[in-house]
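Visitor: kindly generate the corresponding structure for this input.
(chains A, B, C and D, ligands or ions: 4)
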Amino acid sequence: MSIVAKFQIECFSCIDADGHAVAELPEFALDRDVLIELYRWMVLTRAFDERAITLQRTGRLGTYASSLGQEAVGVGLAHAMLAEDVLLPSFREHGAQLVRGVTAGEILQFWGGDERGSDFSGPRSDFPVSIPVASQAAHAVGAALAFKLSKAQRVAVAVLGDGATSKGDFYESLNIAGAWNLPVVFVVANNQWAISVPRADQTAAATLAQKAVAAGITGLQVDGNDVVVVRKAVSDALEQARNGSRPCLIEALTYRLSDHTTVDDASRYRDDEEVSAHWQAEPIARLRKHLIAVHGWTKEEESDLVELCAAEVDESADAYLAESPQPPETIFDYTYASLPQSLVKQRGELLALLKDADNGTEHEQ
Amino acid sequence: MSIVAKFQIECFSCIDADGHAVAELPEFALDRDVLIELYRWMVLTRAFDERAITLQRTGRLGTYASSLGQEAVGVGLAHAMLAEDVLLPSFREHGAQLVRGVTAGEILQFWGGDERGSDFSGPRSDFPVSIPVASQAAHAVGAALAFKLSKAQRVAVAVLGDGATSKGDFYESLNIAGAWNLPVVFVVANNQWAISVPRADQTAAATLAQKAVAAGITGLQVDGNDVVVVRKAVSDALEQARNGSRPCLIEALTYRLSDHTTVDDASRYRDDEEVSAHWQAEPIARLRKHLIAVHGWTKEEESDLVELCAAEVDESADAYLAESPQPPETIFDYTYASLPQSLVKQRGELLALLKDADNGTEHEQ
Amino acid sequence: MNSNPQSSGKELTMVEAINLALRHAMTEDETVILLGEDVGIDGGVFRVTDGLINDFGAERVRDTPLSEALIGGLPVGLSAMGFRPVAEIQFMGFIYPIIDQLVNHASRLRTRTRGRLSCPLVIRAPFGGGIGAPEHHSESMEALFAHIPGIRVVIPSSPAKAYGLLLASIRDPDPVVFLEPKRLYRSERESVFDNGDALPLDQAFVLRSGADVTLISWGAMLTETLAAADLLAQESVSAEVIDVASVKFLDFETILGSVRKTGRCVIIHEAPLTGGLGGEIAARIADEGLMHLLAPIARIAGWDVVMPLPRLESHYLPSPNRIVAAVRRAMDYC
Amino acid sequence: MNSNPQSSGKELTMVEAINLALRHAMTEDETVILLGEDVGIDGGVFRVTDGLINDFGAERVRDTPLSEALIGGLPVGLSAMGFRPVAEIQFMGFIYPIIDQLVNHASRLRTRTRGRLSCPLVIRAPFGGGIGAPEHHSESMEALFAHIPGIRVVIPSSPAKAYGLLLASIRDPDPVVFLEPKRLYRSERESVFDNGDALPLDQAFVLRSGADVTLISWGAMLTETLAAADLLAQESVSAEVIDVASVKFLDFETILGSVRKTGRCVIIHEAPLTGGLGGEIAARIADEGLMHLLAPIARIAGWDVVMPLPRLESHYLPSPNRIVAAVRRAMDYC
Ligand SMILES: Cc1ncc(C[n+]2csc(CCOP(=O)(O)OP(=O)(O)O)c2C)c(N)n1
Ligand SMILES: Cc1ncc(C[n+]2csc(CCOP(=O)(O)OP(=O)(O)O)c2C)c(N)n1
Ligand SMILES: [Mg+2]
Ligand SMILES: [Mg+2]
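Guide: Residues are numbered from 1 along each chain as shown, chains lettered A, B, ... in the order given. Ligands and ions are numbered 1, 2, ... in the order given. Now for the predicted structure:
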């Protein structure tokens, strides 16, 4: 018998649940302004989440997936990216989208059932939210191949859930990323649950980071509630991808503090105690503690920031609600670059129906 | 940073290319009769392969995938199985099928384009050859679940190629085998090529055995040209599966000495020298050397055995060629358990067509 | 939820009726195994499997990893080895990875082995629009499945039909794709007798008889179709309404019988027009019933566009008015 | 193989014509990238991509791992970022894992993002029976693709059509599924001018004009259809033969124009009858052309059974005799 291969999975963290540094902090994390920026994005994300849920509960938004408790993953990874990189988000990475420059109003528009929400004004090459779990991993390797072929120094960053790691397309994507050395970073936001299925029932693998071993690429774990280590690990991975065209899988350990979505009731399948315990480790409080302890963050600064975020969210929500609807015939207009003959006819039929139904009154929305 | 998981992949061998034992041999391999039995199956498999290719070249068989050079994998694994276990073969495991009790005639019938070839008279629960690569892995975990649920002490054994390990369904199957602790053994016959794609281009993983790490199950390598170690490793894995319901992935390192199939021309994409080098390590010669050196295998015994195998293959080929064709209307008869009304009508149409076309003459085959 | 399968008729929603059928099947046949994402303790995202894990245990009601290709492929092995898996795909939008296994294995293991092995399995999935669901959750792609030889495709239109058709599907010796119109999951209640009686898998149901025109539909679109029939009655047009139910195989006798009587026919479905099953039905009528037609066969279907997000989905779905207009054209046809 | 795209007309097989079109597209547009299993040094199992890796390099002619879901999904990202991938699926029997990406992404990235991102990609795959290929290698499932909104489906019937239609497909701004009837790969040669002229993706081709009956088909079945037309001519029945070519979207004007003229129509396809595209075509004729019909619309198609293995496949495939018999019935109708 001979040993032909050896692997180990390492787990990294910078700031623990009490706000204490547990490792040498990366340079950016010594900069008060940078930390406040990261903090602000997380607070804004949480404020946005709350508002979205209120809008849903009052019938003004569709089903919505909250990112409560996982803000450090999205914010940390997006903050590490360059503008020219491309994000391929799952449906729970509102923080990442906000940091990337998707407006809160656009995010609401998407979840409100309006396609225009994915016509981002900001990051024009970023992908829309991917609802079919893991399907965006394949797009990420495709985008990464485009960057490699055009010798652009760009990286594709796909964000996926723990459940997504059980899917065949996730694995096929990881495998080709390795086989072709593509500039892509996969971030697994392991929030311990895939709807009602706990992480332990998803796979017998001890870590999700070790899924990378199957593809021969680097895999590592980070404390996903620590925005500093997330930002650092993603930054390092981006650097490797950008300059060495080396793919990486980062498992960010976090926890879904909310229901799966607004139509889910998590109390059916998990205990309150488990959730309470995880509140102790959530990302915003810990960075606040760190800011207070190390950077003299004040009560006033805190309340100013909270107020500012609330105002920003108010504004976006108002703008979202004020948006006039798309004309019904637009359901035809983007199916193809130009309308095939048989769709011209169908579009005419729809317009005729609308005219019939509608004698000077507005169409229902 | 902390290390959260560690893995290593081990590679096993018993008898090297020169026929020397390189490790303590398992008990069965000390038994001359057992070794001769294994040897005979491999010789028979190779004789069968040759005949199949001749039949194809002379227009009496369809496209055929030879197992030349990989006989130890199929023979070793099937010999380790119990009758009540279930084999889920790829399209290249004729040796395994023969050992299981599928007749040479049935195998020819399948490759000759006749469905009856998969209605095995022998192992009634074994699956037919799977042409869509890796798709049988999913059936294997399904069968394994059946055995687990019914508390039968049976194991499902799926055989796949190196190319198959890049497929999503392979991975999803591995993953659920681990998550549910299913009694299943996956044997990867790594013959270094997937048609024209070499193993190195298939994945960046250093070994295919390490694909198991992603699923949290045991993965190991064996010398796939050493029938003794294949039989031993599969035997051990079956034991674990049967009694502990623990799945396992075994990568058997071998080499495809033939073209991919009878319609392939491997000289387009690989060098003769590579092939010649691998002839040095092929499984039959090495077991013969071992038999001669250790068990006094004689020239006469050898020529008797070769003759016997040739005769067996002759007989099967003759029987195959003598088989009368299925009646055309049987294309309807097994689509459903009983014929739906609209198929009754279509079947009638076919019979009418046959009657029209055919005035007392035999239908073309 | 009453777990006694002998209970008498109760007013149930379709979700409850399906649950009852599953319960009945699991009680009568130990080899029936449920599997899918969140079908266990959560009872499925629509609560279709609610409570079953308590009564039948986690061995028989199995949460799978998030692996649709596997949810398609594992039941092939499980059913070939003597079980009767009923697998749930959470939404039709995620069903596509199973097509590979349906086409290449489930539908043909019987014929490949000349009857030695077979796949008595059921794949259940909610489908269709009209509930304002997120992206990818509202499509109707039943035609993809109905084209595959070797399987059956069944779509219930009411709680009692769901109960009877699902029992039949589970007992059927061949693979069945059972598509549940999720708009009907809780929209109406119907009396369901838990007597274990299956409905036939080769019959269409005449929901309303009429003399002037035949309206043919299935699943949730029967709501619009029946509403159109009501509107037409006000105009003294008597519409016969047929629920196809078993979209594969079609009960073409019932359909043709009706068209023979009325001479006019409108087929209504939610799926996009092109390549939808309306084409199959119209083609058979145009072949076997041409001489009885007094007007062209009309199809009222979803447009050939990607299903819009909720804000505009009402403009995608066929409305009673569209159906009525098509019938009027048929009635006015020379 | 001549690599000069300006060369003049040559007698080519379909395999050579496709190779030429790929070569032309790669020469004129640097963003065209080929990928698939064995498309590189092996030149594809049918030699369709023969030599391209030598002329365009391994960066642009890429052997993928054995991962069909990926071959469907990777081009979505690649095309959205400005490239024009042409992906090969080795045989249609292995194409099913890509349906997920076709339905959920490729076909709709444009509409999901209101035109911000789009997917100018082509998926090529050989399909169809008649060459005695192994299990799973002979099916014709074009109808599954034609039902998906947001894509086009194109099927060439000759070398020159393959050249022109493939160029059009590669230049098209939306996803195209390009299905190659492998029975025609080397069965005939045709003069092909490598002038870069594309054929339109919205036109059917009239292969033979006639007055008595319209025969509608596509792909390899045109061989049987034209043979049937010859047989019919001996009986003094003049058949018009239409090659649909772009099965999505149908050039219905050409079809309807012909049926208006002949009053009779037989649709021929190799795919199973139920849910095949013959239904779509017949349904549109039955809707828009009813008044012109002198006889029922007949469909001659594969039976609704699993494609048999080679020994019996000739009994599955429609034959000229079956087509002739259907035409005779139409001619004799009332
Ligand atoms: C392919 C697919 N299958 C099923 C679903 C339904 N679904 C939506 S979210 C979800 C769980 C996802 O879990 P995970 O990947 O851990 O992400 P999380 O929701 O925890 O962020 C499921 C099953 C889906 N969206 N896509
Ligand atoms: C899913 C699928 N894709 C493509 C093919 C075509 N094909 C047949 S064999 C083969 C290569 C298989 O390689 P490997 O798994 O290493 O098995 P080997 O042929 O070497 O035994 C391919 C691509 C197939 N049969 N199935
Ligand atoms: Mg999760
Ligand atoms: Mg191989």
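Visitor: who touches the closest residue to ligand 3 within the stretch 51-200 of chain A in this structure?
Guide: Using C-beta to the ion, the closest approach of the stretch 51-200 of chain A to ligand 3 is made by A:Gly161 at 3.7 Å. All C-beta atoms are positioned from the backbone trio N, CA, C, and that covers glycine. A:Gly161 sits next to A:Ser90, A:Arg92, A:Val133, A:Val188, A:Ala189, A:Asn190, A:Asn191, A:Ala194 when contact means C-beta atoms under 8 Å, 6 or more residues apart in numbering or on different chains.
Visitor: A:Ala17 belongs to a helix?
Guide: No: when DSSP: H, G, I helix; E, B strand; the rest coil is applied, A:Ala17 is found to be coil, with no helix at that position.
Visitor: where does chain A have low pLDDT?
Guide: When the per-residue scores of chain A are filtered using pLDDT under 70, the ranges that remain are A:359-365.
Visitor: domains in chain A, by residue range?
Guide: The record's domain split for chain A, according to automatic domain parsing, is A:11-322, A:328-359.
Visitor: check whether the longest one comes near ligand 1.
Guide: Just to be clear, that refers to domain A:11-322. Yes: taking C-beta under 6 Å from any ligand atom as the criterion, domain A:11-322 and ligand 1 are in contact, through A:90, A:92, A:131-133, A:161-164, A:191, A:193-195, A:256, A:260.
Visitor: return the closest of those residues with respect to C:Gly196.
Guide: Distance to C:Gly196, by C-beta to C-beta, is smallest for A:Ile195 among the residues of domain A:11-322 next to ligand 1, at 32.0 Å.
Visitor: chain C: helices as residue ranges?
Guide: Assigned by DSSP state H, the helices in chain C fall at C:14-28, C:52-56, C:68-80, C:99-101, C:109-112, C:142-146, C:159-171, C:221-234, C:252-262, C:277-288, C:310-316, C:320-332.
Visitor: ok, C:Pro308 - contacts?
Guide: By C-beta under 8 Å, 6+ apart, C:Pro308 lies in contact with A:Glu115, A:Ile331, C:His315, C:Tyr316.
Visitor: longest single strand anywhere in chain C?
Guide: When chain C is scanned for its longest strand (criterion: DSSP state E), the result is strand C:265-272.
Visitor: what pairs with that strand, parallel or antiparallel?
Guide: Sheet partners assigned to strand C:265-272 using DSSP bridges are listed as strand C:213-217 (parallel), strand C:298-302 (parallel).
Visitor: contacting residues around A:Val234?
Guide: Counting by C-beta under 8 Å, 6+ apart, A:Val234 makes contact with A:Gly76, A:Leu77, A:Ala80, A:Met81, A:Val157, A:Val185, A:Val187, A:Ile250.
Visitor: assumed A:Asp264 was part of a strand.
Guide: No: according to three-state DSSP, the state of A:Asp264 is coil, so it is not within a strand.
Visitor: ok, now how distant is the nearest residue to it once chain neighbours are set aside from B:Ala137?
Guide: If you skip the residues right next to it in sequence, A:Asp264 has A:Ile195 as its closest partner in space, 6.6 Å away by C-beta to C-beta, 6 or more residues apart in numbering or on different chains. Distance of A:Ile195 to B:Ala137, computed by C-beta to C-beta, to the nearest Å: 25 Å.
Visitor: if we can go back for a sec, need the helices of chain C in a markdown table with distance to chain B, can you?
Guide: Output for the helices of chain C, formatted as a markdown table (distance: least, C-beta to the nearest C-beta, whole Å):
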| stretch | distance to chain B |
| --- | --- |
| helix C:14-28 | 13 |
| helix C:52-56 | 12 |
| helix C:68-80 | 2 |
| helix C:99-101 | 7 |
| helix C:109-112 | 4 |
| helix C:142-146 | 12 |
| helix C:159-171 | 11 |
| helix C:221-234 | 23 |
| helix C:252-262 | 7 |
| helix C:277-288 | 9 |
| helix C:310-316 | 31 |
| helix C:320-332 | 26 |
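Visitor: give me the residue at the spatial middle of the chain.
Guide: No chain in the question, so chain A it is. Most central in chain A under C-alpha atoms, centre = their mean is A:Glu93, positioned 2.1 Å from the mean C-alpha point.
Visitor: got the phi and psi for that one?
Guide: Main-chain torsions, A:Glu93, degrees, to the nearest 10: phi -110, psi 50.
Visitor: measure it to chain B for me?
Guide: Computed with C-beta to the nearest C-beta, to the nearest Å, the distance linking A:Glu93 and chain B is 23 Å.
Visitor: deepest of the helices of chain C, which one?
Guide: For the helices of chain C, average neighbour numbers computed from mean count of other C-beta atoms under 10 Å in any protein chain shown are highest in helix C:68-80, which has a mean of 30.
Visitor: and ligand 3, is the helix or strand hosting A:Glu172 touching that?
Guide: Of the helices and strands defined by DSSP states H and E, A:Glu172 is found in helix A:168-179. No: legend: contact between helix A:168-179 and ligand 3 by C-beta under 5 Å from the ion is lacking; minimum distance shown is 12.9 Å.
Visitor: C-terminal to that helix, what's the next element?
Guide: As assigned by DSSP H and E, the chain's next helix or strand after helix A:168-179 is strand A:184-190.
Visitor: chain center to that following strand: distance?
Guide: 10 Å (C-alpha atoms, centre = their mean, to the nearest Å).
Visitor: cool, and stretch A:91-106?
Guide: A distance of 8 Å separates the C-alpha centroid of stretch A:91-106 from that of its chain, computed with C-alpha atoms, centre = their mean.
Visitor: and that stretch, what's buried?
Guide: Counting neighbours by 16 or more other C-beta atoms under 10 Å in any protein chain shown, one finds that the buried residues in stretch A:91-106 are A:91-100, A:102-106.
Visitor: partners of the lengthiest strand in chain A in the sheet?
Guide: Longest among the strand segments of chain A by residue count, using DSSP E, is strand A:2-12. Each strand pairing with strand A:2-12, determined using DSSP bridges, is listed with its direction: strand A:218-223 (parallel), strand B:2-12 (antiparallel).
Visitor: which strand residues bridge C:Met123?
Guide: No Met there; residue C:123 is Ile. For C:Ile123, the beta-bridge partners under DSSP bridges are C:Ala87, C:Val177.
Visitor: so what's the most centrally placed residue in chain C up against?
Guide: Residue closest to the mean C-alpha point of chain C, counted by C-alpha atoms, centre = their mean, is C:Ile155 at 1.3 Å. Going by C-beta under 8 Å, 6+ apart, C:Ile155 touches C:Glu142, C:Phe178, C:Leu179, C:Glu180, C:Pro181, C:Trp218, C:Gly219, C:Val244, C:Ala245, C:Ser246, C:Val247.
Visitor: count of residues packed around the residue in chain C that ligand 4 sits nearest to?
Guide: Among the residues of chain C, C:Asn104 lies closest to ligand 4, at 19.8 Å counting by C-beta to the ion. For C:Asn104, the count of nearby residues is 25 (other C-beta atoms under 10 Å in any protein chain shown).
Visitor: which residue packs closest to it, ignoring adjacent ones?
Guide: Here the nearest residue to C:Asn104 in space, its sequence neighbours aside, is B:Pro132; by C-beta to C-beta, 6+ apart that works out to 5.0 Å.
Visitor: was I right to think the one you found contacts C:Arg108?
Guide: No: taking contacts as C-beta atoms under 8 Å, B:Pro132 lies outside contact range of C:Arg108: 11.4 Å.
Visitor: those two - which one has more neighbours?
Guide: Shown here are B:Pro132 and C:Arg108; by other C-beta under 10 Å, C:Arg108 has more neighbours (27 against 24).
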